[in-house]
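based on what follows, work out the 3D shape:
(chains A and B)
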Number of protein chains: 2
Amino acid sequence: MKREYLSMELLRYLLYDVHGIDRLTDYPRFSHVGGREEIDLLLQSARDIADREMFPFFKEMDMHPVEHRDGHVRTHPQLKRIFRAVADAGWFTATTELERGGTQLPYSVFSSAQLIFEAANNSAQGYLGVSTGALDLIASFGNEVLRATYMPPMMEGRWQGTMALTEPQAGSSLSDIRTSATPMPDGSYHITGQKIFISAGEHEACENFIHLTLARIEGAPAGTKGISLFVVPKFLPGGERSLAYNHVQCVADFQKMGQRGYATTHLIFGEQGATKAFLVGEPHKGLSYMFQMMNAARIVVGQTAAAVASAAYHYALQYATERPQGRPIGGKDPLQEPVPIIRHADVRRMLLQQKCFVEGALSLVAECLKWFDLEKVLEGDEKRKAWLLLELLTPIVKTWPSEEGLRSVSNALQVFGGYGFTMDFDAQQYYRDIRIMSIYEGTTGIQSIDLLGRKLTMDGGRAAQLLGAEISAEISRASADTLLAPYAAATARAVQTWQKALLHLQALAGGGDTERYLADANLFMELSGLVAIAWQWLKMGNRSQAALRAGDLSDSSAAFHRGRLASLRFYFKYELPRTSALSESLMHGDAPTLHTEVDAFR
Amino acid sequence: MKREYLSMELLRYLLYDVHGIDRLTDYPRFSHVGGREEIDLLLQSARDIADREMFPFFKEMDMHPVEHRDGHVRTHPQLKRIFRAVADAGWFTATTELERGGTQLPYSVFSSAQLIFEAANNSAQGYLGVSTGALDLIASFGNEVLRATYMPPMMEGRWQGTMALTEPQAGSSLSDIRTSATPMPDGSYHITGQKIFISAGEHEACENFIHLTLARIEGAPAGTKGISLFVVPKFLPGGERSLAYNHVQCVADFQKMGQRGYATTHLIFGEQGATKAFLVGEPHKGLSYMFQMMNAARIVVGQTAAAVASAAYHYALQYATERPQGRPIGGKDPLQEPVPIIRHADVRRMLLQQKCFVEGALSLVAECLKWFDLEKVLEGDEKRKAWLLLELLTPIVKTWPSEEGLRSVSNALQVFGGYGFTMDFDAQQYYRDIRIMSIYEGTTGIQSIDLLGRKLTMDGGRAAQLLGAEISAEISRASADTLLAPYAAATARAVQTWQKALLHLQALAGGGDTERYLADANLFMELSGLVAIAWQWLKMGNRSQAALRAGDLSDSSAAFHRGRLASLRFYFKYELPRTSALSESLMHGDAPTLHTEVDAFR
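Numbers count the residues shown, from 1 in each chain, chains lettered A, B, ... in the order given. Prediction:
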């Protein structure tokens, strides 16, 4: 039996039936795309690449990891073929405007192709994802010279774009970055400094590396207000496509626990000779540019976590269906043949947890992708609404899949028993790969403070009101359905719990205790995730109940929809009750994380 | 600064102050040991070995893992020195009776030495742990010939003992094992079959391998009632210490995600020639013998999980104290120096979670070790009480640290940010190592069914009553203390929640729905763990409050006791509230894990 890693049936259900992504083509910006059938063809072409070029190398790229040897970053030879296939299919130009030679797809469609790639081989997809992100930055904020020089080879997949933010001494604290840029008479800059953890910073599948780099122009204000964005190419384009070395040294590749096929480099600028850099946009605005791209990057991280969990789930499901072991409770006759382990309630619990997680997380991802695209095509108040919802949901869609995905993939491993811990099986690779997601693009701690400290206070809390209205609408719809009504009521209670906890925290902030207000932001994030996913389950429940009521389904389609309802029931029995515990913790009067003396930690 | 992996101050506090392990020496069986000072010296000698021979090789044994090459299992050269040091210090003979040349220590003292070794290097300790377990099996159930032949070289650390249970087709389902034993005229047996996942089944530090093997004698009844226990040596002892090959082939070493320094072998008996085996005890009683050893083995697994988390915690704590990054909430001036990350509330939350987990888990381990030893020295009803409590607590002490330890070690990794995911730091190794604990010696699913289906029904539920009385006594003590009274009340509520959930489940069983009764055993296990750990926190709270009230403490001791109370406060704010969520889930009327059709899983 061929191994599955992502259900295309589920993907289509979420994109079209639940979130109406195909209706984006009603807007002029996307009307050239066609409709549902054309999107289907695009996604199928991505699936073909994933099946042929990516998934078969998932394990190999882990067993033969990236390494820095003889001064070069050595990558798996398949990476070149992957770049070629993805470029030939046009995926590097998917989000670029038509007038610049791109295909101007909805981001949701492009990202669904990325999802397929991530589920097939999350290391390989990393290279493509970061390159398109860098391309979008240049397209959005670069001047015409930068666009004309750098976009075409990146769109052809010949040049790799990267994001160079982190420095050894600064970590998450971007206000402390030290990489420094000195203005030159020709309008360019000379840049010196070090960047670490630069994904795809060098490898063997591209000819050039274009680092979108945060640095300070000499004399810039301290902190985040003095950070500018630069294009720093490894090789400087000259006339006639000749390339001159720009003294961008890649001195190391970090060896990692997971994503071992994905290069994570250490770069040094301007040490062996001058490194030229080109300012993107205006001085000192680098962080705001970066953050406009960050929403997409953060959705991608959450999506990747869900993709990895999807692949692990299907792998565990197949094993559970094929592996005979033990007998049902109450039928322990050792002379009977053992049953497939999917017959055991505890194995089914582990499988349903994964299934429910993958579906819920991917639905929230699709929700965010929808607002991402709508924000681009709507106007006025509606545009602002889309932007606010996207801003509010982004830290959640980054965090929920990254944190809960650990449990999901751990359950996948557990289904294999002792085999799951061995390198002969891939469960352990999914378990290692997914662990980075809660660190990438802002850790869970950072996301949680962003949610509580920034997103919930924007526009006087309007984002939360808008989200509340969206959830209420779904609750109303579900209340009218006999089967869904109890789940609608449970969601309404969860929303109340969430609001009560928020009021409690805001009272602390109102009293001036900002530290206390934010100390449990992580718990509030988890609570917010639970509410957001309950909302998604009502959406899916409403959609699947409507389909089942219509009654003209094939047996297979009916089973599919019943499968969604099974996950929904699982969620409301096993997951949503955690809101009670989180609310108790959040409302608890004690604050041991603030008041414990350092000496007491020993 | 020297890196810490286990606080000896904490260990002494738990052993003596909280659980009174030193009072075991009041019983004749242990009176030769001396008292607290002598135990201290023994533990310090273990610590010296761990510091010198084990901890410095923790990472090396992972970077140069065990491998099967040229027909042999190749292990790190340090393993020989570790065997020597441990044997020289007498740890292989620690639990053997005086009359057999052992030192007859309380098991709790021996296991505390193991704890030190596990925290220093859990791969290395594996070899020692399994060998002493096999030794105890022969000592307890072997005849005089087996004892005289096999015990002395095992006690010298020259021969490795192993436990050979698992077979490829059977996994956790021991009733399906097929390894077969044919009686020979001389009273021995010829054995044929395969065993997988045999820890320490072959390596370079010992001369011979003694496999305590489960097999069926030809014609034995089907299922678990037809399983016998055998000694199967790799080399047959002859006269004058000569050893003849017994056709025990080690055909592979499983490559694993973690514990890569610990050999996990695949053995084949009787394929190349006759493999002789020697019956231990009576025919068909093998599983009951094995299970009498299983309590110790299961405590050890839980203890190892706590040990790994302890090492990860101290590693993260040191990093958090030394790594400057970011500024306090409300003091974001970028011209100020960054603060050590332990100043951030979210980092403190992650550290306190680990600290609280390690202390709680180790306290429960010490509780179980106490009953393990008391069961050996008490008589009549008191002995039965000790046995029942141990039986009830064993699945919990195996599972709680194994499951919660994942979160603890994951938090340790998260404290390091991106560095935590790199091989340059050891956080990822702890994260990989600990993942096996919920699979070893009966998965969490198996333990949960054991707790709910067997341990809570033994003697008409008397074990639960006994545990309830123990907890009540601690609640009473704590209620008399102003600071602890609210935590005593919270524990009492948690016990009620637990009882209510149990009654609810028992009603299902009473109605004949055994499958439903056991379907959520995993959740009931988690609930039981939360209650058991709350009990331990009251114990520690009572002890530390008494110490602080006495008032003659050094500043350092006072800070130590305040540190325990900080963990206690953390537990009651952040962990115990989960009982509410679990109880909601357990009492929920729906049973989606039982009623979902297989076709709906796709």
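
isn't A:Gly102 up against A:Thr95?
Yes. Contact criterion Cβ atoms under 8 Å: A:Gly102 and A:Thr95 qualify, at 6.7 Å. For the C-beta atoms, the positions are set from N, CA and C on the backbone; glycine is no exception.

the two: which is more packed in?
More crowded of A:Gly102 and A:Thr95, by other Cβ atoms under 10 Å in any protein chain shown: A:Thr95, with 21 against 18.

what helix or strand is the spatially most central residue of chain A located in?
By Cα atoms, centre = their mean, chain A has its centre lying nearest to A:Val301, at 2.1 Å. For A:Val301, the host element (DSSP states H and E) is helix A:286-322.

now that helix: mean pLDDT?
Mean pLDDT, computed over helix A:286-322, is 95.

just checking, next helix/strand downstream of it?
Using DSSP H and E, the helix or strand that follows helix A:286-322 in sequence is helix A:345-377.

just want the angle from that next one to helix A:286-322.
Relative orientation of helix A:345-377 and helix A:286-322, computed by axes from the mean of the first three to the mean of the last three Cα atoms, to 10 degrees: 150 degrees.

quick check: the residue nearest to the centre of chain A vs A:Arg454, distance?
Separation of A:Val301 from A:Arg454 (Cβ to Cβ, to the nearest Å): 18 Å.

could you export the lowest-mean-pLDDT helix or strand in chain A as PDB, CA atoms only?
Every helix and strand in chain A was compared by mean pLDDT, DSSP states H and E; the lowest is helix A:592-595, with a mean of 88. What follows is helix A:592-595 as a C-alpha-only set of coordinates in PDB (Å, rounded to 0.1, in the frame of the first residue of the first chain):
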ATOM      1  CA  PRO A 592       5.100  32.000  41.800                       C
ATOM      2  CA  THR A 593       6.900  32.700  38.500                       C
ATOM      3  CA  LEU A 594       7.300  36.300  39.500                       C
ATOM      4  CA  HIS A 595       8.100  35.900  43.200                       C
END
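
give me the helices and strands touching that helix, please.
helix A:514-519, helix B:345-377, helix B:555-570 (3 or more Cβ pairs under 8 Å, 6 or more residues apart in numbering or on different chains; DSSP states H and E).

in JSON lines: those, plus mean neighbour count and distance to B:Ala464.
Compiled in JSON lines, the helices and strands packed on helix A:592-595 are given as follows (neighbours: other Cβ atoms under 10 Å in any protein chain shown; distance: least, Cβ to Cβ, whole Å):
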{"stretch": "helix A:514-519", "mean neighbour count": "20", "distance to B:Ala464": "38"}
{"stretch": "helix B:345-377", "mean neighbour count": "25", "distance to B:Ala464": "15"}
{"stretch": "helix B:555-570", "mean neighbour count": "20", "distance to B:Ala464": "25"}
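
what does the stretch 351-500 of chain A have sitting close to chain B?
A:351-352, A:355, A:406, A:410, A:413-414, A:417-418, A:420-424, A:428, A:431-432, A:435-436, A:438-439, A:443-445, A:448-449 (Cβ under 8 Å from any Cβ of the partner chain).

any chance of a ChimeraX selection covering the buried ones in the residues you listed?
One line in ChimeraX is enough to select the buried members of those, burial here meaning 16 or more other Cβ atoms under 10 Å in any protein chain shown:
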select /A:351,352,355,406,410,413,414,417,418,420,421,422,423,428,431,432,435,436,438,439,443,444,445,448,449
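
what's around A:Leu503, how many residues?
10.

looking only at pLDDT, what's the mean for whatever helix or strand it lives in?
Using DSSP H and E, the element containing A:Leu503 is helix A:485-510. The average of the pLDDT scores along helix A:485-510 is 97.

for that helix, buried residues please.
For helix A:485-510, burial by neighbour count (16+ other Cβ under 10 Å) applies to A:487-488, A:490-492, A:494-495, A:497-498, A:501-502, A:505, A:508-509.

name the SS class of the residue nearest to A:Arg432 when sequence neighbours are not counted, please.
Sequence neighbours aside, A:Gly258 is the residue nearest to A:Arg432 in space, at 3.4 Å (criterion: Cβ to Cβ, 6 or more residues apart in numbering or on different chains). Classification of A:Gly258 using DSSP: H, G, I helix; E, B strand; the rest coil returns coil.

who's in contact with A:Gly258?
Applying Cβ atoms under 8 Å, 6 or more residues apart in numbering or on different chains, we find A:Gly258 in contact with A:429, A:431-436, B:421.

report the contact partners of A:Leu594.
So A:Leu594 contacts A:515-516, A:519, B:345, B:348 (Cβ under 8 Å, 6+ apart).

how near is it to A:Trp387?
34 Å.

with A:Ile138 instead?
With distances taken as Cβ to Cβ, A:Ile138 is found 22 Å from A:Trp387.

go on, A:Asp599?
Note on A:Asp599: its distance to A:Trp387, by Cβ to Cβ, is 47 Å.

in terms of neighbours, single out the busier of those two.
Higher neighbour count among A:Asp599 and A:Trp387: A:Trp387, with 20 against 13, using other Cβ under 10 Å.

OK, contacts around the more buried one?
A:Trp387 is in contact with A:371, A:375, counting by Cβ under 8 Å, 6+ apart.

and it, what's its pLDDT?
Note on A:Trp387: pLDDT of 97.

what of A:Gly239?
The model's pLDDT for A:Gly239 equals 62.

A:Ile177 too?
pLDDT at A:Ile177 comes out at 89.

what is the neighbour count of it?
Using other Cβ under 10 Å: A:Ile177 sits among 25 other residues.

try A:Pro77
Neighbours of A:Pro77 (other Cβ under 10 Å): 12.

state the phi and psi torsions of it.
In this entry, A:Pro77 is assigned phi and psi values of phi -60, psi -30 (degrees, to the nearest 10).

let me see the contact set for the closest residue to chain B within the stretch 301-450 of chain A.
Nearest to chain B in the stretch 301-450 of chain A, going by Cβ to the nearest Cβ, is A:Pro334, at a distance of 3.2 Å. Applying Cβ under 8 Å, 6+ apart to A:Pro334 gives the contacts A:327, B:175-176, B:222-224.

go again with 6 Å.
By Cβ atoms under 6 Å, 6 or more residues apart in numbering or on different chains, the residues touching A:Pro334 are B:175, B:222-223.

skip the chain neighbours and tell me the closest residue to it.
A:Pro334's closest residue in space is B:Gly223 (Cβ to Cβ, 6+ apart), at 3.2 Å.
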